[in-house]
Structures are given as structure tokens and as C-alpha cells.
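1. just need the structure, nothing else, for what follows:
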Amino acid sequence: MKRGSKNKPRLQSPPVDPADRPRDIENSWIIAGLAALTWLLSLPVFEPKSVGLLAGIAFVPWTVAVCLAARARRMYLISYLLGAAFFLTHLRWLYTTTGPGYAAAALYLAVYFPLAAWPLRYLYRDRRISPTFALPIAWVAWELVRSKGPLEFPWFLAGHTQVRRLLLIQIADLAGAYGVSFVVMMVNGWLAERLMRAIQVRRGSKNQESRLASAISVVALLTVVGGTVLYGHYRLSFRGTTAGPRIAVLQGDYLLSATPEPDSGPRRHKRPENDDIDYCLRENFGSYEADKRLTYLNLIEACAAESPDVMVLPETPWWMYLNRELRELTESAINEESDTRKRMSLLLRWKVANDQHRELQALARKHDCYLVVGALAEEKQPPGLYPAEHRYNSAFVYAPDGQSEPMRYDKIHLVVFGEYVPFRYSKHFFWLYRFLNDGWWNPWGRGGHEYSLTWGTDYTVFPVTPRSIGDRQVRFGATICYEDVIPQVFRGFMIGQDGSRRVDFMVNISNDGWFGHGTQQAQHLASCAFRAVENRVGVARAVNTGVSGFINPDGSWYSLVGASDRDPQVGGTGYRVDQIQIDPRVTFYSRHGDLFALACLGLALVAMFDSLVLSRLLKRRRGK
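-> Have a look, this model is predicted:
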């Protein structure tokens, strides 16, 4: 054949049999109605309702809309609006803290719906791949993406809907919560395929290829769901756990606000002329902080009667600094501060830190137990450096001897805008930091207040020798606030460099009082339950406003404060003392992390690349 011949063979994409192509849905109102139905079905699928069986059909209408919509652009717009409605509804507890932040977060997260729709639609329409496979791959891929990076938000994963179905969530020790999401969305995809085949008027009769594809989908679904159930039975039959130390978790019920009431927060920075801690707190913060402190001291005395080995208080149960670097400042060093207000503030922190440190040492010695408490830490930098000091959100562990310096862990994963403002250490974009920190939309930075904390660097493990288990040494790590929601942070405590397990159990200290008495607390508990399964580790949680209690290595919770073991309850003041379970198993997920979700992401990216590049190239060549 001669060069330049018009009969030159052309590269072509695999033909789609007209008999197997479904008719499109032309009416955009039908597409919008299907998306709205998915939104309605999704309302009760997360905690505290958690109607997990409904999650298996909730995304079917949207999947049908994505696959059959005639106008792709309109379908993507409707998918975005569905995402906005989804997150505005489920994320409503964030409005209690920050209205602008709530709206911005929901509108940002909504983009993941059309992003998931892209590979799903392409794989079904152009590559004739069943939604049984295309939907879970696309969904898990974008769940992983939105769970990573500075804006990570691994909340409302499809797998979280199954937290109470222990048989189904045991695969999390292989593939994380994303593995459970895959199963849930696979069921949705298969049902969507069945629905489309049932209601579509096709051009011609079904051919052998479609019947074969249908059989493959059925076999694959039965294999995945059946294997998940069998694996769950296998894992739940394990009897190798042992009883660990007796732990007390303490819970107050104090709501917090970015714009506190006049009696609960404006810092007057009066000179602390009285040695009484309560006097210092009341003079500088009103009665609110002093009342919180007295509540927790009473809880300590009450639970001490049950002889726990470890008492766990929430993240910053009341205002305090405890670190050694601050306590060991000299008064002459404090007086070097030329600004009177800053000097008085530093003097207050220094004095209260020393007084509360001695008090906590005395409590640990009095009750012969370890005392875990969340507090702030402050370390001054050399003169001339910015910022003048580093502040940390820390967990301190006081030993029963009542003399040694407390062990300390500094929070590694800080919440963007909640605990730090981006670009603070950027030379070229520091102006953007000031803009974000001082803007009217940031309630914590009003008046130029720099509230940003500094990241910790080490996954600190605390060795303890509880008396109730014969003074045998055990080790635990302490996640602070949302660190128990971030899988990779939790995994950081699990495995040492030699591949051995570093901890016997975990504690989580948090302060969820920012979010009112709503759905956030139960959803936080559900996320932590997945961390327990992923790493086969027992968890003790002490949380202001709840939900405080214990989680077994199989993901079941027990001894919840103010609630039955089945139904989490927000709010309430109290404590629970119970033994935590120690599981010796080292899981695949602890060692290797999100390999499964990364594989889904890789497949989705290949599909998107194929859609963007290869298909357009083929169309261009056919056009010539």
C-alpha cells in the first residue's frame, strides 16, 4: 500500500454492539430526581442512625443517572449538586463551630461526586464494564484522594455505614475502611446494573456477550460478599486476646465556642498574686475554666474507688500548660518581655503550669495510677526568630511515683484552620497566611491573634507497668482529637522499624465540645472503631461531650459513658472503668497500609487517562 493512500488502515476503538447499548435518559428532571432519591436514601446511613442495609441501595439511583444520562455536562452538574446536598446535610454539625467553614468544606467536598462519576460513566458507556466493577473502583479511588493531603477528610466513607455489622468490617485489617466501602459500592453497582437491564428498552435482543457479562458480575459479587462474610467469621472466632490493664475514661460535658461568652474566656491577664489555681483561673477566665477543673477533679476521686491502673482525661479538659520547658523558665527571663500584656500572660502560664504539674503529680501518687491528660506545651525560641515560641497540643502521662517528669507526646496531625493556618512558615506567601488568619471568616484569628500550633514529629509510645496485671510492662500510644480518624497517623504507632508491634493498646483523648450535642460524636466513635479493626488493637477513649468508652480489636464498643453498649449517647458527665483487650496480631493493613485503595486509584486514573487522551486520539484519527 502506498504512503498517503486514502485506504490506509486506521486505529479504531472496540466497537459497541448497538444491540447492547442502552437508550439514554434525555429528560434532565429524571436525572435530577434520581440524584435526589440517592440523597434521601443516604440520610439515615451514618451514625447515630447507621441503617447499614440501606447503604447497599442508596447509590443505585445516582449510578443509573450517571450511566444513562444523555447530556454528560448536565449530569456532572447534577452530581455536584448531589454532593453539595450530601455533605451539607451530613456535615451540619460543623455549622455550630463555623458557618463559613461549614459551607466551604461542603462545597469543596461535593466535587468528589462528579469526579467519581467520570470514570464510572466512561467505563460503562465506552468500555462496556459493568457498574458492579466500575462503581466501587471509582468510588474508593476518590475516597482515598479526599482522605489524603492538607485538606484530608476521611469522614462519611461508604464503609462507615457498616460499623455495627461486625461480620462485614473485619476485612478492614486487610484493606482498611476502603475495603468495606468497596463491598458496599459493589452491591450498589450490581443492583444498578440489574435495574438498568430491567427498565431499558434495548435496540434488538441481548447477545451472548451481555449474558456472559451478567454472569461474571453475579459470580464476582457473590465471591466478594461471601468472602467478606467468611473472613469475618474467621476473624471473629479468634480467642487469643488477653485482658489488659484497668483503665478509667473520664468525660465532662462542656460546649465550646470560637466566640465564647464573656464569663468563659476573655483573657484579662491579671497578675497571679494568689497561689490558688482556681483563683488564677477565675480571675483570668471567669468561672467556666475553674468549674471544668473542679468537675474533673471530682471525677478522679470518684473513679479512684474502683482502683484503675490508668486514668485518662480528655484533650485539654481545662486551660493548662504542663511542659517542662515552660515550668523551668526563670522570673528574670519572663521579665525580659517588654510588652506588659505579653509578660503578664507568660507569667500566668508559668505559674499555673507549675501549680498544676505539682497537683497532677500528687494525684498520681495518691491513687497509685498513671494519669493521662491533654494540655498545651510551649517552648520559647531564641531571640529574633519567628514565631517567638512553638506551642503544641500534647498528651502528658504522669507516673504513680509522683516524682518523675511526665512523658509527653506532641500531636502530629493538626487540623487545618482549626489548629493551624497554612503558609505561616512560607517566605513568599506569608501575606496569604496573614490574610487567612486575620480575615472575618476565621473566628479564632480575630484581632490578629496567632493561634497556630506546631506539628509534633515522633510517634511516642508510653511504657507502663500496671499493678492489676502483675506489674507486667505494656505499651500504649495516645492519639489526640481527630488523629484517630486519620488511618496513616494511627498506623504510625503500630509497627517498629524491626517489624514488631510497638503498642499493646491505644488511647484517644479528644475535645468534641466544639460541635454541640449532635451527630459528630457518634460518627467520631465509628471512625475510631475502624482504626481498632484495621490494626487489631483495643482503644480507650476519653472525650469531652462524648463518646467516651472502650473499643475491642474487632470494632465493637462497650462501657460507653451515659449510654448502652449499642447506642452511643452524646453529652453527659461521668466515667467508666474497665479492662482493655490486648490483641497480639500484626495485621496486613498495619504493615502495608492502603495498597488496595491505591490499586483502585490506579485503575481509575488509567480509565480517566484513556478517556482524556486515547479516546480523543482515536476520534481525531477517525475524523481524518
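2. per-domain residue ranges of the chain.
-> As given by automatic domain parsing, the domain ranges for the chain are 20-238+594-623, 242-414+453-584.
3. could you dump these into a markdown table and include mean neighbour count and mean pLDDT?
-> For every residue, glycine as well, the C-beta is placed using N, CA and C. A markdown table is the format used below for the domains of the chain (neighbours: other Cβ atoms under 10 Å; pLDDT from 0 to 100):
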| stretch | mean neighbour count | mean pLDDT |
| --- | --- | --- |
| domain 20-238+594-623 | 19 | 91 |
| domain 242-414+453-584 | 19 | 89 |
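4. mind checking which of those domains is nearest Tyr433?
-> Taking Cβ to Cβ, domain 242-414+453-584 is the member of those nearest to Tyr433, at 11.1 Å.
5. for the closest one, the distance to its chain's centre please.
-> The chain centroid and the centroid of domain 242-414+453-584 are separated by 19 Å, computed with Cα atoms, centre = their mean, to the nearest Å.
6. and that domain, end to end?
-> Start-to-end span of domain 242-414+453-584 (Cα to Cα, to the nearest Å) is 9 Å.
7. surely Pro136 is in a strand?
-> No. Using DSSP: H, G, I helix; E, B strand; the rest coil, the assignment for Pro136 is helix, not a strand.
8. would you confirm that it contacts Val180?
-> No. Judged on Cβ atoms under 8 Å, Pro136 makes no contact with Val180 at a distance of 10.7 Å.
9. quick one on the thing from earlier: now the domains of the chain as JSON lines including distance to Phe423?
-> JSON lines is the format used below for these (distance: least, Cβ to Cβ, whole Å):
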{"stretch": "domain 20-238+594-623", "distance to Phe423": "11"}
{"stretch": "domain 242-414+453-584", "distance to Phe423": "13"}
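10. for Pro422, which of those domains is the nearest?
-> Nearest to Pro422, of the domains of the chain and by Cβ to Cβ, is domain 20-238+594-623 at 6.8 Å.
11. so Ser426 touches Leu436, yeah?
-> No. Using Cβ under 8 Å, Ser426 makes no contact with Leu436, being 11.4 Å away.
12. ok, these two, which is more surrounded?
-> Taking neighbours as other Cβ atoms under 10 Å, Ser426 and Leu436 compare with Leu436 leading, 18 against 11.
13. start to end distance for stretch 311-328?
-> Start-to-end, stretch 311-328 (Cα to Cα) is 26 Å.
14. spatially central, which residue of the protein would that be?
-> Centroid-nearest residue in the chain: Val485, 2.7 Å away (criterion: Cα atoms, centre = their mean).
15. so how far is Ala84 from Ala103?
-> Per Cβ to Cβ, to the nearest Å, Ala103 is found 10 Å from Ala84.
16. and the nearest residue to the residue nearest to the centre of the chain once chain neighbours are set aside, what element?
-> Among residues not flanking Val485 along the chain, Ser527 sits closest, at 4.5 Å (Cβ to Cβ, 6 or more residues apart in numbering). Per DSSP states H and E: Ser527 is located in helix 520-535.
17. all helices of the stretch 301-450 of the chain, in order?
-> 324-327, 331-335, 340-367, 430-438 (DSSP state H, counting those that start in this stretch).
18. contacts only, for Pro136.
-> Ser181, Phe182, Val183, Met185, Met186, Gly189, Cys600 (Cβ atoms under 8 Å, 6 or more residues apart in numbering).
19. which phi and psi does the residue lying closest to it once chain neighbours are set aside have?
-> Nearest residue to Pro136, sequence neighbours excluded (Cβ to Cβ, 6+ apart): Met185, at 4.0 Å. Here is the backbone geometry of Met185 (degrees, to the nearest 10): phi -70, psi -20.
20. thought Met185 was touching Trp139?
-> Yes. With contact defined as Cβ under 8 Å, Met185 counts as touching Trp139 (4.5 Å).
21. tell me, what's touching these two both at once?
-> With Cβ under 8 Å, 6+ apart, Met185 and Trp139 have common neighbours Phe59, Ala158.
22. the stretch 101-250 of the chain: strands as residue ranges?
-> 242-251 (DSSP state E, counting those that start in this stretch).
23. quick one: the helices in it, in order.
-> With helices called from DSSP H, counting those that start in this stretch, the stretch 101-250 of the chain shows them at 112-125, 131-146, 166-169, 172-199, 208-236.
24. which other helices and strands contact the first one?
-> Going back to what we said before, that points to helix 112-125. helix 60-68, helix 72-90, helix 131-146, helix 595-609 (3 or more Cβ pairs under 8 Å, 6 or more residues apart in numbering; DSSP states H and E).
25. and the angle from the first one to helix 131-146?
-> Okay, so that is helix 60-68. 100 degrees (axes from the mean of the first three to the mean of the last three Cα atoms, to 10 degrees).
26. from the middle of its chain, how far away would helix 60-68 be?
-> 28 Å.
27. would you mind measuring from Val613 to Arg127?
-> 14 Å.
28. got the contact list for the nearest residue to Arg365 once chain neighbours are set aside?
-> Counting by Cβ to Cβ, 6+ apart, Arg365 lies nearest to Gly402, which is 2.7 Å off, once chain neighbours are set aside. By Cβ under 8 Å, 6+ apart, the residues touching Gly402 are Gln361, Ala362, Ala364, Arg365, Lys366.
29. would you turn these into TSV with distance to Asn511?
-> Formatted as TSV, these follow (distance: Cβ to Cβ, whole Å):
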residue	distance to Asn511
Gln361	23
Ala362	24
Ala364	22
Arg365	26
Lys366	25
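30. isn't Asp278 up against Glu289?
-> No. If you go by Cβ under 8 Å, Asp278 and Glu289 don't touch, sitting 9.2 Å apart.
31. what packs against whichever strand or helix holds Ser510?
-> Remark: Ser510 resides in strand 505-511, with elements defined by DSSP H and E. Judged by 3+ Cβ pairs under 8 Å, 6+ apart, strand 505-511 is in contact with strand 310-312, strand 370-380, strand 474-480, helix 520-535, strand 538-544, strand 574-582.
32. sorry, back to before: and the helix holding Ser527, what does it pack onto?
-> Going by 3+ Cβ pairs under 8 Å, 6+ apart, helix 520-535 lies up against helix 166-169, helix 172-199, helix 487-491, strand 505-511, strand 538-544, strand 549-551, helix 588-592.
33. and it with helix 72-90, angle?
-> Going by the same axes, to 10 degrees, helix 520-535 makes 110 degrees with helix 72-90.
34. circling back to that earlier point, switch the helices and strands packed on helix 112-125 over to CSV; also include distance to Leu167.
-> Formatted as CSV, the helices and strands packed on helix 112-125 follow (distance: least, Cβ to Cβ, whole Å):
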stretch, distance to Leu167
helix 60-68, 22
helix 72-90, 25
helix 131-146, 19
helix 595-609, 19
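35. to Ser452, which of these lies closest?
-> It is, among these and with distance given as Cβ to Cβ, helix 131-146, at 23.5 Å.
36. and the angle for that closest one with helix 112-125?
-> Computed by the same axes, to 10 degrees, the angle separating helix 131-146 from helix 112-125 equals 150 degrees.
37. output helix 131-146 as PDB - backbone C-alpha positions only.
-> In PDB, the C-alpha atoms belonging to helix 131-146 read as follows (Å, rounded to 0.1, in the frame of the first residue of the first chain):
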ATOM      1  CA  PRO A 131     -21.100  -0.800  37.300                       C
ATOM      2  CA  THR A 132     -20.500  -3.900  39.500                       C
ATOM      3  CA  PHE A 133     -16.800  -3.200  39.000                       C
ATOM      4  CA  ALA A 134     -16.700   0.400  37.800                       C
ATOM      5  CA  LEU A 135     -18.600   2.000  40.700                       C
ATOM      6  CA  PRO A 136     -16.600   0.500  43.600                       C
ATOM      7  CA  ILE A 137     -13.300   1.200  41.800                       C
ATOM      8  CA  ALA A 138     -14.200   4.800  41.000                       C
ATOM      9  CA  TRP A 139     -15.700   5.500  44.500                       C
ATOM     10  CA  VAL A 140     -12.900   4.000  46.500                       C
ATOM     11  CA  ALA A 141     -10.300   5.900  44.400                       C
ATOM     12  CA  TRP A 142     -11.800   9.200  45.200                       C
ATOM     13  CA  GLU A 143     -12.400   8.300  48.900                       C
ATOM     14  CA  LEU A 144      -8.700   7.700  49.100                       C
ATOM     15  CA  VAL A 145      -7.800  11.100  47.400                       C
ATOM     16  CA  ARG A 146     -10.100  13.100  49.700                       C
END
